[in-house]
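K.L.:
sharing a model that was predicted from the sequence below.
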Amino acid sequence: MEQKKGAKSVVVAFSGGLDTSYTVMKLTQEGWDVYAACANTGGFSAEQLKKNEENAYKLGAKKYVTLDVTHEYYEKSLKYMIFGNVLRNNCYPISVSSERIFQAIAIARYAKEIGADAIAHGSTGAGNDQIRFDMTFLVMAPGVKIITLTRDHALSRKEEVDYLNEHGFFADFTKLKYSYNVGIWGTSICGGELLDPTQGLPEEAYLKHVTAKEPEAELRITFKEGEIAAVNGKEYADKVEAIQAIEAIGASYAIGRDCNVGDTIIGIKGRVGFEAAAPKLIIEAHRLLEKSTLSKWQQYWKDQIGNWYGMFLHESQYLEPVMPDMEAFLTSSQRHVNGTAILKLRPYSFETVGVDSPDDLTKSKLGEYGEMQHGWTADDAKGFIKVLSTPLRAYYGMHPGERE
């Protein structure tokens, strides 16, 4: 898009919240041509996007666009997080952390496309998102100025609201007890009781509640080479739709609630609540299937790679060149992860039941665990055990009594 000569153009990463609303209006008042861009990774409804567009123009934006990168987010991130069974601290499915990277990439791409002079976002100086946005912009849009009014001027909510009101824009920016970030890979919840480390979140803090009519339900998730292929027998070519289907089922039982205490990129600890039915169900179903279809050492190294992959996503290192190498390993590991994992759901919890897979290694003809061997004799077993004990017998022969 051609800019008029001499005009300063800025792309604002626009969520519709207070900070980005202030940023759009303030930069407009300062003479910038403001392009408000909402990068959607699955967290905005059609109604919210329509409202964002209306408000962007009321705030003075020259142009508003929605950049839908939900499927790109799946193909370039979520898929590998499923392959790697990624849960930060064995708990949090890295919902918002990974989304921010792809939102930032979309914004940088758009800024380059229109030849923008600057990019602006509404992060404060206290959290992780400022790092995720700035680092991505510095790499993906070199030479483009980064503007962060809320951070640089240490603005309070009252100052921002007063400015908007003085310039004729009124909206409900009341500071609520809880703040939410909703996305396809879960909803994070901050504030309220979480500020007290001795408390958890009450029922009213969650957005999704038990609505299921049956006390229990069976959920069958079918995978083909590690990717979701069907849910309860219904096939899905669109993996995003498959995730949404699982979310709808799991959320009706209020599954996936928890709190995570983690280390921020800047070095302090933070506490966040979340509800993430789809990630929890998908990862545990996938892990269950892998137990039967992968070798011992495939599982071991996948755990190591998956942990590093999730950490790098959280720490804003998605663009580090090692990431495609880890993705290649994770992809290769999935070649025999085929079949259906069976889960049993009930309010607030679920259990893994079993798997039905053509690649199930427990079906080996060599033996049945705890029952009968078919690939070796009793004398073979005794000889194997004696050889296996050799280094221990050698050590304790030299140091008798050390373990007594």
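P.N.:
Everything's here; your move.

K.L.:
pLDDT below threshold where in this protein?
P.N.:
1-7, 367-368, 370 (pLDDT under 70).

K.L.:
quick check, central residue of it?
P.N.:
When C-alpha atoms, centre = their mean is applied to the chain, the residue found nearest the centroid is Ser95 (2.8 Å).

K.L.:
these two touch, right, that residue and Phe274?
P.N.:
Yes. The pair Ser95 / Phe274 is scored as a contact, 6.4 Å apart, by C-beta atoms under 8 Å. From N, CA and C alone the C-beta is placed, and that goes for glycine too.

K.L.:
anything in contact with each of those two?
P.N.:
Shared contacts of Ser95 and Phe274 (C-beta atoms under 8 Å, 6 or more residues apart in numbering): Gly186, Thr187, Ser188.

K.L.:
and the last one, how many neighbours?
P.N.:
Okay, so that is Ser188. 20 (other C-beta atoms under 10 Å).

K.L.:
ok, now Ile184?
P.N.:
21.

K.L.:
likewise Arg132?
P.N.:
Neighbours of Arg132 (other C-beta under 10 Å): 28.

K.L.:
quick check, Leu345 in contact with Ile221.
P.N.:
No. Using C-beta under 8 Å, Leu345 is not in contact with Ile221; the gap is 11.5 Å.

K.L.:
what about those two, which has more around it?
P.N.:
The residue with more neighbours, out of Leu345 and Ile221, is Ile221; 25 against 22, by other C-beta under 10 Å.

K.L.:
quick one: secondary structure of that one?
P.N.:
State at Ile221, reduced to three classes by DSSP: H, G, I helix; E, B strand; the rest coil: strand.

K.L.:
bridging across strands, which residues link to it?
P.N.:
Val231, Ala341 (DSSP bridges).

K.L.:
list the buried ones in the helix or strand hosting Ile146?
P.N.:
Applying DSSP states H and E as the criterion places Ile146 in strand 145-147. Going by neighbour count (16 or more other C-beta atoms under 10 Å), the buried part of strand 145-147 is Ile147.

K.L.:
output the helix or strand following that strand as CSV - backbone C-alpha positions only.
P.N.:
Note on strand 145-147: by DSSP H and E, the next helix or strand toward the C-terminus is helix 149-152. The C-alpha trace of helix 149-152 is given here as CSV (Å, rounded to 0.1, in the frame of the first residue of the first chain):
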residue,chain,number,x,y,z
LEU,A,149,3.8,4.3,25.2
THR,A,150,2.5,2.4,28.3
ARG,A,151,5.9,1.0,29.1
ASP,A,152,8.0,4.1,28.3
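
K.L.:
and Ser77, how many neighbours?
P.N.:
Neighbours of Ser77 under the rule other C-beta under 10 Å: 23.

K.L.:
report the separation between the residue nearest to Leu155 when sequence neighbours are not counted and Trp32.
P.N.:
Closest residue to Leu155 apart from its sequence neighbours, by C-beta to C-beta, 6 or more residues apart in numbering: Leu149 at 6.7 Å. Leu149 sits at a distance of 11 Å from Trp32 (criterion: C-beta to C-beta, to the nearest Å).

K.L.:
name the residue in those two with the higher neighbour count.
P.N.:
Of the pair Leu149 and Trp32, Trp32 is the one with more neighbours under other C-beta under 10 Å, namely 23 against 19.

K.L.:
so that one touches Lys8, yeah?
P.N.:
Yes. Using C-beta under 8 Å, Trp32 is in contact with Lys8, at 5.1 Å.

K.L.:
what is in contact with those two at once?
P.N.:
With C-beta under 8 Å, 6+ apart, Trp32 and Lys8 have common neighbours Ala118.

K.L.:
Gly375 touches Phe384, doesn't it?
P.N.:
No. Taking contacts as C-beta under 8 Å, Gly375 lies outside contact range of Phe384: 11.7 Å.

K.L.:
the chain: helices as residue ranges?
P.N.:
Taking DSSP state H as the test, the helices found in the chain are 18-29, 46-58, 70-73, 79-83, 95-114, 129-140, 149-152, 157-166, 239-251, 277-293, 296-314, 322-332, 378-388, 390-398.

K.L.:
most tightly packed of those helices?
P.N.:
helix 79-83 (a mean of 25; mean count of other C-beta atoms under 10 Å).

K.L.:
now for that helix, which elements pack on it?
P.N.:
strand 227-231, helix 277-293, helix 296-314, helix 322-332 (3 or more C-beta pairs under 8 Å, 6 or more residues apart in numbering; DSSP states H and E).

K.L.:
to Phe350, which of the ones you listed lies closest?
P.N.:
helix 277-293 (6.6 Å; C-beta to C-beta).

K.L.:
tell me the angle the closest one makes with helix 95-114.
P.N.:
Between helix 277-293 and helix 95-114, the angle comes out at 110 degrees (axes from the mean of the first three to the mean of the last three C-alpha atoms, to 10 degrees).

K.L.:
before we move on, the earlier item: turn the helices of the chain into TSV, including distance to Gly339.
P.N.:
Shown next, in TSV, are these (distance: least, C-beta to C-beta, whole Å):
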stretch	distance to Gly339
helix 18-29	45
helix 46-58	36
helix 70-73	25
helix 79-83	15
helix 95-114	27
helix 129-140	36
helix 149-152	49
helix 157-166	51
helix 239-251	16
helix 277-293	6
helix 296-314	16
helix 322-332	18
helix 378-388	30
helix 390-398	38
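
K.L.:
so which of those helices gets nearest Ile268?
P.N.:
helix 129-140 (12.8 Å).

K.L.:
and that closest one with helix 296-314, angle?
P.N.:
Going by the same axes, to 10 degrees, helix 129-140 makes 90 degrees with helix 296-314.

K.L.:
now for helix 129-140, which elements pack on it?
P.N.:
Right, helix 129-140 is packed against helix 95-114, strand 145-147 by 3+ C-beta pairs under 8 Å, 6+ apart.

K.L.:
just checking: what are the partner strands of the last one?
P.N.:
Each strand pairing with strand 145-147, determined using DSSP bridges, is listed with its direction: strand 118-120 (parallel).

K.L.:
who are the contact partners of the residue nearest to Leu155?
P.N.:
Counted by C-beta under 8 Å, 6+ apart, Leu149 has contacts Tyr22, Thr23, Lys26, Leu27, Ala120, Gly122, Leu155.

K.L.:
OK, contacts around Ile255?
P.N.:
Ala277, Lys280, Leu281, Leu345, Tyr348, Ser349, Phe350.
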